[in-house]
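Enquirer: Quick check, what structure comes out for this input:
(2 chains)
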Amino acid sequence: MPHTLRPELERFRHWLGLWRGPGTMGDGTEVLLEFSIRPLFEGAGLEFTSSALDKATGANLSTGLGFWGVDDQGKVVAGIYTPELGPVQMHEVPDDPSGVCIEALVPGNVRFIVALIMEGQELVMATRRQQGYAGQGTPITSGTMRRVTPSWRSPGVTP
Amino acid sequence: MNQSITPFLAWLGTWGGSGEAQDSQAVRIRCTFETVVADTALRMAFEATDLTGQTLYHGVVACLGPTPTGQLRAVALSTIHGNLLLEQTPDDEGVMALAGIAGNGNHIMVTFVPEGPDRLLFSAMWRPPEAAPDDPRLGRMTANLGKLTPMRMPPPDQRQQ
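Expert: Below you'll find the predicted structure:
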């Protein structure tokens, strides 16, 4: 049965599910990125989790969780928690309409920016920190993920 | 484990109970606490429904965790108030007391008070920014919650035929 979503969140319907793919952390460490997103309260909002996993051991190197709602302008407002930032509220800024870019100003005059965009069948995620308003951005994680699909739904793939 | 959520770790699990909202409306509550994000934060999922459990009056999910400077804060999404950022407010030890202002301007206060090992008293209040204390738009909810535990079947030789 299809999920119900409030109209302002319909543009993310095709993102619902679990995504994984190769990524890189700011220090160059190669990781497996994982991103999941699901509806809350019959589509009144969305909940996501995001992790960067050690490619060899699967250990969690970085992780976060958050809730997406919308403001009275129809823009995404995300309440997120990561151990590094604590709980912060992020607001959508204008960007490519096929994706979403949210940012927050955190203590130390640092902007924390998360961008997600679809490129074909792939979901591209990039997070970065930017010192001040005109400072150079420092990547935190970036990567390209594909939807995790059961093998029985992937023609030609046998377990 | 981060110290700031430690007092609430005894609450992990699912709680249920009944209470009332404004206008003496009877409500049924279900509330689950779990640790998330490598056990550094507490996720709370809260539902207030009618007594059949089929009509949702208010749903909230929240993630409570420490800021880098040590305060306790929660991000939340409410079906009534939208996105919320709630700060811990001073209260008795062991009490979770949170307050904040929603994006729509509503002032919100929420408390969970432990009343014994498996009992919690929940109360919440919200009001529009310009509302007086006796304003009919004032929202409130109180409920007594008990920890839900799995039903334990008696051993076969002690079951009644």
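Enquirer: B:F8 looks like it's in a helix, true?
Expert: Yes. With the criterion set as DSSP: H, G, I helix; E, B strand; the rest coil, the secondary structure at B:F8 is a helix.
Enquirer: got a pLDDT number for it?
Expert: You'll see B:F8 listed with a pLDDT of 95.
Enquirer: Quickly note the distance from A:L18 to A:S36.
Expert: Between A:L18 and A:S36 the distance, using CB to CB, to the nearest Å, works out to 5 Å. For the C-beta atoms, the positions are set from N, CA and C on the backbone; glycine is no exception.
Enquirer: Settle it for me: which of the two has more neighbours?
Expert: For A:L18 versus A:S36, neighbours defined as other CB atoms under 10 Å in any protein chain shown are more numerous around A:S36 (17 against 14).
Enquirer: Parallel or antiparallel, which strands does the host helix or strand of the more buried one pair with?
Expert: Assignment of secondary structure by DSSP states H and E places A:S36 within strand A:30-40. When sheet partners are counted by DSSP bridges, strand A:30-40 sits next to strand A:17-25 (antiparallel), strand A:45-54 (antiparallel).
Enquirer: Give me the contacts around it.
Expert: Contacts made with strand A:30-40 from outside it, assessed by CB atoms under 8 Å, 6 or more residues apart in numbering or on different chains, are listed as A:3-5, A:9, A:12, A:15-25, A:45-55, A:58, A:61-62, A:67, A:116, A:123, A:125, A:141, A:143, A:145, B:59, B:61, B:77.
Enquirer: Drop anything exposed from the residues you listed.
Expert: By the neighbour-count criterion of 16 or more other CB atoms under 10 Å in any protein chain shown, those include these buried positions: A:5, A:9, A:12, A:15-16, A:19-21, A:23-25, A:45-53, A:62, A:67, A:116, A:123, A:125, A:141, A:143, A:145, B:59, B:61, B:77.
Enquirer: In chain A, which residue sits closest to chain B?
Expert: A:G79 (2.8 Å; CB to the nearest CB).
Enquirer: where does A:H14 fall, helix, sheet strand or coil?
Expert: When states are read from three-state DSSP, the local structure at A:H14 comes out as helix.
Enquirer: before we move on, which element is the closest residue to it other than its chain neighbours in?
Expert: Taking CB to CB, 6 or more residues apart in numbering or on different chains, and ignoring the residues beside it in sequence, A:H14 has A:M118 as its nearest neighbour in space, at 7.4 Å. The secondary structure element spanning A:M118 is strand A:110-119 (assigned by DSSP H and E).
Enquirer: Please list the outside residues in contact with the helix or strand just after that strand.
Expert: With elements assigned by DSSP H and E, the helix or strand that comes after strand A:110-119 is strand A:122-131. Contacts with strand A:122-131, where a contact means CB under 8 Å, 6+ apart, come from A:15, A:19, A:21, A:23, A:26, A:33, A:35, A:50, A:99, A:108-118, A:136-147.
Enquirer: Now the buried members of those residues.
Expert: A:15, A:19, A:21, A:23, A:33, A:35, A:50, A:99, A:110-117, A:140-145, A:147.
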